[in-house]
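**Q** A structural model of the following input is requested.
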Amino acid sequence: MLPLLTRLDHVGIACRDLDRAVALYQATFGLEVASLEVNEEQGVREAMLRVGAAAVSVAGVRPGYVQLLEPLSPDTPVGRFLTRRGEGLHHVGYGVADVREALATVAGTGIRLVDARPRHGSMGASIAFLHPADLGGVLTEFVQSPG
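**A** I've put the predicted structure just below:
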């Protein structure tokens, strides 16, 4: 059986001011913004900052990202997270070959799913989340790249 997780896709970081956070990560680490989006469904304004020099896939492997997340309002999941915990690590996203298959596999282990089926994610990806209480307090995201 092949490993379910194919790569570390991104780390999601909750922030109160996206523009300030982007400027900080650019100035501190020299990261390039790969994408800026508003995701109404998830209630966030987000930036994906590419980690590493490769602007595109190298040998079929996508680059990793830092995802900065600013809530659109306090009553969104990221807004509630900021109220409870403040700015910081929100989730870890792992690449999977097929998000539906990954959900079915993990559901069979007893891990609770936040999403029973995939939804639209950053840069056209299909995503789904797993419950943090079952994974050591870490909100875990599956990411299936577009195409």
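**Q** next structured bit after the strand or helix carrying Leu69?
**A** Using DSSP states H and E, Leu69 maps to strand 64-71. Next in sequence after strand 64-71, counting helices and strands by DSSP H and E, comes helix 77-85.
**Q** tell me the mean pLDDT for that next one?
**A** Average pLDDT, helix 77-85: 96.
**Q** please identify the buried residues of it?
**A** 77-79, 81-82 (16 or more other Cβ atoms under 10 Å). Just so you know, the C-beta spots here come from the backbone N, C-alpha and C atoms, and that holds for glycine as well.
**Q** now these in a markdown table, with distance to Val99?
**A** Output for these, formatted as a markdown table (distance: Cβ to Cβ, whole Å):
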| residue | distance to Val99 |
| --- | --- |
| Pro77 | 19 |
| Val78 | 21 |
| Gly79 | 25 |
| Phe81 | 23 |
| Leu82 | 27 |
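**Q** could you measure from Leu4 over to Leu103?
**A** When distance is defined by Cβ to Cβ, to the nearest Å, Leu4 is 10 Å away from Leu103.
**Q** among these two, which residue is more densely surrounded?
**A** With neighbours defined as other Cβ atoms under 10 Å, Leu4 and Leu103 compare such that Leu103 has more, 21 against 14.
**Q** mind listing what the more buried one touches?
**A** Listed by Cβ atoms under 8 Å, 6 or more residues apart in numbering, the contact partners of Leu103 are 113, 115-118, 128, 142.
**Q** swap in Val33?
**A** 22, 26, 47-50.
**Q** what mean pLDDT does the helix or strand that contains it have?
**A** In the assignment (DSSP H and E), Val33 maps to strand 32-39. Mean per-residue pLDDT for strand 32-39: 95.
**Q** what angle sits between that strand and strand 64-71?
**A** Interaxial angle of strand 32-39 relative to strand 64-71 (axes from the mean of the first three to the mean of the last three Cα atoms, to 10 degrees): 40 degrees.
**Q** sort out for me which of the contacts of Val33 are in strands.
**A** Among those, the members found in strands (DSSP state E) are 47-50.
**Q** which regions of this structure sit below the pLDDT cut-off?
**A** Across the chain, the ranges flagged by pLDDT under 70 are 1-2, 53-61.
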